[in-house]
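Asks: could you work out the structure for the sequence below:
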Amino acid sequence: MTQIHTLDPGASPLDYYGFELRRCREAAGLTQKQLGDILGYTASLVGQIETARKCPTLEFSERVDVALETGGLLSRLAVLVMRHQLPAWFQQVAELEVRAAEIRSFQTQLIHGLLQTEDYVRAVLSALDDSDLDDRTAVRLARQRIFDKDEPPVLWAVISEAALYQRIGGANVMRGQLLKLLAFEKNPRINIQILPFEAGTHAGLTGSFTLFRSRRDPDIVYTEGYGSGHPTANPDTVKDCSLRYDHLQAAALSLRDSAELIRRVMEERYGERRDPDRDPVA
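Replies: As a prediction, the model looks like this:
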């Protein structure tokens, strides 16, 4: 007789998800194979998720919710699971993103994680380690769900022009990434400014940082190094970084000029061709 692996739902969000998935499936009178057939996945995958050996994706969770009429239970749990799968030192930042009313970020070399495409994420994460790449990519992309909330945060992103030229994953990946940035052009809650090379000496030369503002908690500044993150609510640090950010925004191009620079770099460096009477096309 095959021994059924029993999960402790209190052990972790992943264990809780697996426990709930099995409970809902069994309540519907379905085997793992039957549920897999309905969802378009293998019975093996269903089993791995039920035994907390694999992280569920949002797509999987949404399909389960529809198939088993769970009222969105698994989709809600999946967001929590994915946040918990982030590196331990970054989990606090993901919580700050969820609670923030406003996020102000300055990036020197990379596009911010909340704005990255799937291909760009995969290229960044696989630079030194391509293990569990599918799961790690899904976990990072899940952070972007904060923009689907009823009251999403306002994001201001000042990005160094260097990040547009840093060829992450090749020309096709970069073209897709820059197209995604342009897709936010008319979204008042996601504002992208480019700090041009011609700005010269600027207030962000010491590195990237992010400011989080919430309605109830103190403002927090976040910086990071190799494998470590450093959030602080120290008033002097917050005041200094807020002033730096004001100066960075003043030195950066306007929203409209930033979009034009992104288009120009996309066309000239990554092979994009544009019909003047139509939207950009490859």
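
Asks: below-threshold pLDDT in the stretch 1-150 of the chain: ranges please.
Replies: Applying pLDDT under 70 to the stretch 1-150 of the chain flags the ranges 1-6, 89.

Asks: residue boundaries of the helices in it?
Replies: For the stretch 1-150 of the chain, the helices defined by DSSP state H, counting those that start in this stretch occupy 13-27, 32-39, 43-50, 58-68, 73-85, 88-99, 118-125, 133-142.

Asks: helices or strands up against the longest one?
Replies: Using 3 or more C-beta pairs under 8 Å, 6 or more residues apart in numbering; DSSP states H and E as the contact definition, the elements that helix 13-27 packs against are helix 43-50, helix 58-68, helix 73-85. In this view, the C-beta of every residue, glycine as well, is placed from N, C-alpha and C.

Asks: who touches it?
Replies: Residues outside helix 13-27 that contact it (C-beta atoms under 8 Å, 6 or more residues apart in numbering): 7-10, 32, 35, 46, 49-52, 55-56, 64, 68, 70, 73-74, 77-78, 80-81, 83-85.

Asks: quick check: angle from it to helix 58-68?
Replies: Helix 13-27 and helix 58-68 are oriented at 30 degrees to each other (axes from the mean of the first three to the mean of the last three C-alpha atoms, to 10 degrees).

Asks: in helix 13-27, which residues are buried?
Replies: 13-22, 24-25 (16 or more other C-beta atoms under 10 Å).

Asks: also stretch 43-57?
Replies: Those would be 45-52, 54-57, for stretch 43-57 by 16+ other C-beta under 10 Å.

Asks: cool, stretch 119-128 as well?
Replies: 119-125.

Asks: next: stretch 129-144.
Replies: 136-143.

Asks: circling back: between the buried residues of helix 13-27, which sits nearest E224?
Replies: Taking C-beta to C-beta as the measure, E224 lies nearest P13 of the buried residues of helix 13-27, at 23.2 Å.

Asks: that older thread, save the buried residues of stretch 43-57 as JSON lines, and put in distance to R216 too.
Replies: As requested, the buried residues of stretch 43-57 are exported to JSON lines (distance: C-beta to C-beta, whole Å):
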{"residue": "L45", "distance to R216": "40"}
{"residue": "V46", "distance to R216": "40"}
{"residue": "G47", "distance to R216": "42"}
{"residue": "Q48", "distance to R216": "39"}
{"residue": "I49", "distance to R216": "35"}
{"residue": "E50", "distance to R216": "37"}
{"residue": "T51", "distance to R216": "38"}
{"residue": "A52", "distance to R216": "33"}
{"residue": "K54", "distance to R216": "36"}
{"residue": "C55", "distance to R216": "31"}
{"residue": "P56", "distance to R216": "31"}
{"residue": "T57", "distance to R216": "32"}
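
Asks: from these, which two are the most distant?
Replies: The span of the buried residues of stretch 43-57, defined through C-beta to C-beta, is set by T51 and T57 at 16.5 Å.

Asks: R63 is in contact with G40, correct?
Replies: Yes: the pair G40 / R63 is scored as a contact, 7.3 Å apart, by C-beta atoms under 8 Å.

Asks: helix, strand, or coil at V221?
Replies: Three-state assignment for V221 (DSSP: H, G, I helix; E, B strand; the rest coil): strand.

Asks: thought it was touching R213?
Replies: No: applying C-beta under 8 Å as the test, V221 and R213 come out as separate, 10.7 Å apart.

Asks: so for these two, which sits in the more crowded spot?
Replies: More crowded of V221 and R213, by other C-beta atoms under 10 Å: V221, with 22 against 19.

Asks: state the pLDDT value of that one.
Replies: Listed pLDDT for V221 reads 95.

Asks: which residues does it bridge with?
Replies: Going by DSSP bridges, V221 is paired in beta bridges with L211, T232.

Asks: relative to L110, how far out is it?
Replies: 18 Å (C-beta to C-beta, to the nearest Å).

Asks: repeat that for L261.
Replies: Going from L261 to L110 by C-beta to C-beta gives 17 Å.

Asks: now swap in A203 and tell me
Replies: 19 Å.

Asks: picking that back up, more neighbours: G40 and R63, which one.
Replies: The neighbour count for G40 versus R63, taken as other C-beta under 10 Å, is higher for R63 (18 against 9).

Asks: what is the mean pLDDT for stretch 262-279?
Replies: Per-residue scores along stretch 262-279 average to 73.

Asks: ok, now stretch 236-253?
Replies: 96.

Asks: so which bits of that stretch are buried?
Replies: 237-238, 241, 244-245, 248-249, 251-253.
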